[in-house]
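Undergrad: what would the 3D arrangement of this be:
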Amino acid sequence: MQEIRVPQIGVEDGEVLVQEWAKQSGEWVRKDEVVVVVETEKVTFEIASPADGVLEIVADGGQRVRMTDLIGVLRPAAGEADLAPGLRPTDLGPDGEAIVRWPPARSAAAETEASTVSRGSRPDAGSAPLRATPLARRLLRDAKIDWTTLQGTGPEQAIRAGDVRAAWGPSGEAMTGARETGSPAGERIRQQTPLTPIRETIARNMRKSLAETAQMTLMGWLDIQALRRVLQDLAEDGKHAGVVPSWTAVFVRLAGLTLARFPALNGSLKDSVWIQWDCIHVGVAVSTERGLMVPVIRDADQKTLSAIQREVAELAVRARSGRLRADEMAGGTFTLSNFGSFGGEWGTPILHPGQTGLLGIGAVVKQPVVDDRDRVVVGYRMPYSLTVDHRAVDGAVAGAFLKTLKEIIREPVGML
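TA: Below is the predicted model:
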């Protein structure tokens, strides 16, 4: 017998959610085949089968467990009969993944009762049985949606849990359509959805950050006229090289160079001890449907702009598809938040727990400015918000950091 346990994957509080089993108890699985998906406070993680065998599920989909907990076992098969009871070869997808056909055969009365689950009619439900994974099947029982409108992404178009959640709406919120009365006063609830582990973590971290630090935010404008010209040239060159730098990549590079020259904000305050880090790892806030993710660009002061751009782009794609590893979001010493990427100009960004500095940048603004010869000309500026932990960083220190940043921006060729 082989055990299937949650691996030690670097989650702070050790709790994970068993999101979805790819197979059911009693089904045959192959070695190295993805058998279960778990969701940590930061990432979604696939667990492969350690051996061939017949699956016995210990922790069902939707159950919370802790790292190293036993969630399933694999028993050796005595023969073909030990494949899932009632599972025929036609129930296997082209890659061998089991496809559970739902709903199973049932009486006409049961079928009529089940048809009331959906938000509308379910045309020809009996003639076109739905293929769905076990967790998707459970979600479909709870969701008031017409499953015949869903497009499955699994083998043979089998519906996965992610397909059901996508139909529910942003962040997996069930769009029930009906509104319920919430109190005698007449308030009406549109929907009630438990927080996902990632959203719970975001809420906990933000509350902890505000409760344990004295946050101060400095705001102002950055003159990016010269920087913009350099980026235009780089963009033109990048069309041929395949790498066009984004504002996020540019400011990761600028943050790395500024912290190298002025390391006061590259630190942490722990138990009344001020720690300045010898490495500069810049976290990049990425907005995803599942919540805010912050992958880390390591040694940002030592990498070229093109290398940072490639890494930022790759990590952003991985974040939005839920494929970031926990170690890719660990170890940040400073954070960049580009709220200008979704149209924002000003903000009061909240510090990442354990850090003492976060730079937020807004959208580029074209506006009249006064040049060195007192002429009113068209200029390009960018709003910034620098949040620091006032327990360790005074206003003068934060101002000196900004002065260093602005000096580098005025002579941007040096950042290349």
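Undergrad: tell me what the lengthiest strand in the chain is packed against?
TA: Looking across the chain with DSSP state E, the single longest strand is strand 376-389. Under the contact definition 3 or more CB pairs under 8 Å, 6 or more residues apart in numbering; DSSP states H and E, strand 376-389 sits against strand 215-223, helix 225-241, strand 357-361, strand 365-370, helix 395-410. Yep, even glycine has a C-beta here, placed from its N, CA and C like the rest.
Undergrad: taking strand 215-223 as reference, get the angle to it.
TA: With axes from the mean of the first three to the mean of the last three CA atoms, to 10 degrees applied, the angle from strand 376-389 to strand 215-223 works out at 160 degrees.
Undergrad: name the strands paired with strand 376-389 and say parallel or antiparallel.
TA: Take DSSP bridges as the rule and strand 376-389 pairs in its sheet with strand 215-223 (antiparallel), strand 357-361 (antiparallel), strand 365-370 (antiparallel).
Undergrad: buried residues, it. List them.
TA: Buried residues in strand 376-389, defined by neighbour count with 16 or more other CB atoms under 10 Å: 379-389.
Undergrad: same check, this time on stretch 209-219
TA: For stretch 209-219, by 16+ other CB under 10 Å, it's 209, 213, 215-217.
Undergrad: ok, stretch 304-319 next?
TA: For stretch 304-319, using 16+ other CB under 10 Å, the buried residues are 305-306, 308-309, 311-312, 315-316, 318-319.
Undergrad: which ones among these lie within helices?
TA: 305-306, 308-309, 311-312, 315-316, 318-319 (DSSP state H).
Undergrad: of all these, which comes closest to residue 289?
TA: residue 319 (10.3 Å; CB to CB).
Undergrad: my understanding was that that closest one contacts residue 296; is that so?
TA: No. Look at residue 319 against residue 296 with CB atoms under 8 Å: they stay out of range, at 11.3 Å.
Undergrad: follow-up on the earlier one: flag whichever of the helices and strands packed on strand 376-389 has the least confidence on average.
TA: Ranked by mean pLDDT, the helices and strands packed on strand 376-389 bottom out at helix 225-241, with a mean of 78.
Undergrad: contacts for it next, please.
TA: 244-245, 250, 305-306, 364, 379-380, 409-413, 416 (CB atoms under 8 Å, 6 or more residues apart in numbering).
Undergrad: surely residue 265 touches residue 401?
TA: Yes. With contact defined as CB under 8 Å, residue 265 counts as touching residue 401 (5.4 Å).
Undergrad: joint contacts of those two?
TA: Joint contacts of residue 265 and residue 401 (CB under 8 Å, 6+ apart) are residue 357.
Undergrad: now do the helices in the stretch 101-250 of the chain.
TA: 108-114, 134-142, 161-168, 197-212, 225-241, 247-261 (DSSP state H, counting those that start in this stretch).
Undergrad: give the rounded mean pLDDT of the first one.
TA: This points to helix 108-114. The pLDDT scores in helix 108-114 average 37.
Undergrad: tell me the most buried of the helices of the stretch 101-250 of the chain?
TA: Ranked by mean neighbour count under mean count of other CB atoms under 10 Å, these are led by helix 247-261, which reaches a mean of 23.
Undergrad: counting by contacts, list what it packs against.
TA: Of the remaining helices and strands, those touching helix 247-261 by 3+ CB pairs under 8 Å, 6+ apart are strand 282-284, helix 305-320, strand 334-338, strand 357-361, helix 395-410.
Undergrad: can you list the ones you listed in CSV and add distance to residue 204?
TA: Converted to CSV, the helices and strands packed on helix 247-261 look like this (distance: least, CB to CB, whole Å):
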stretch, distance to residue 204
strand 282-284, 17
helix 305-320, 19
strand 334-338, 17
strand 357-361, 18
helix 395-410, 27
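Undergrad: among the ones you listed, which comes closest to residue 23?
TA: Minimum separation from residue 23 across the helices and strands packed on helix 247-261 (CB to CB) falls at helix 305-320, 25.8 Å.
Undergrad: name the helices or strands packed onto that closest one?
TA: Counting by 3+ CB pairs under 8 Å, 6+ apart, helix 305-320 packs on helix 225-241, helix 247-261, strand 282-284, strand 286-288, strand 296-297.
Undergrad: let me have the ones you listed in JSON lines, extended by distance to residue 326.
TA: Converted to JSON lines, the helices and strands packed on helix 305-320 look like this (distance: least, CB to CB, whole Å):
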{"stretch": "helix 225-241", "distance to residue 326": "32"}
{"stretch": "helix 247-261", "distance to residue 326": "21"}
{"stretch": "strand 282-284", "distance to residue 326": "14"}
{"stretch": "strand 286-288", "distance to residue 326": "15"}
{"stretch": "strand 296-297", "distance to residue 326": "11"}
